[in-house]
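A.B. asks: Give me coordinates for this.
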Amino acid sequence: QVHLVESGGGLVQAGGSLRLSCAASGRTVYAMGWFRQAPGKEREFVASISWYDTSTYYGDSVKGRFTISRANTLNTVYLQMNSLKPEDTAVYYCNAADVVGIWAADNFGSWGQGTQVTVSS
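C.D. replies: Below is the predicted model of the structure:
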């Protein structure tokens, strides 16, 4: 079972930037990615990245503003978030999978503690 530790969240004004990090341990990583969950809403796919090629996927609401990247030797995935909007406010979670793609949250059985991102208007 993979162990995930997210960090980097915080409070930022609209239009600002934040960089999230997530370190994975406990299993071989083939792909990693991010979800987010706002109060009262379902967990939403944000982005994923392959560990072995250049494949990346993004949710429609973050395309052009967020960039996912990785550091293989550190088993760490990053999420650079630019041009943040109040609607980006959520707890952000990372996860790992065997295949990169647009993921469904229901396919994941375990999660880290998440990191809170709050964007003020």
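
A.B. asks: May I have the predicted confidence score for the nearest residue to Asp98 once chain neighbours are set aside?
C.D. replies: In space, and not counting its chain neighbours, Asp98 is closest to Tyr30: 4.9 Å by C-beta to C-beta, 6 or more residues apart in numbering. Any C-beta I mention is one placed from the backbone N, CA and C, and that applies to glycine too. On pLDDT, Tyr30 comes in at 93.

A.B. asks: May I have the phi/psi pair for Pro86?
C.D. replies: phi -60, psi -30 (degrees, to the nearest 10).

A.B. asks: wait, I meant Asp88
C.D. replies: According to degrees, to the nearest 10, Asp88 has phi -80, psi -10.

A.B. asks: now it, nearest residue through space, not along the chain?
C.D. replies: Val119 is the one closest to Asp88 (C-beta to C-beta, 6+ apart), at 5.1 Å.
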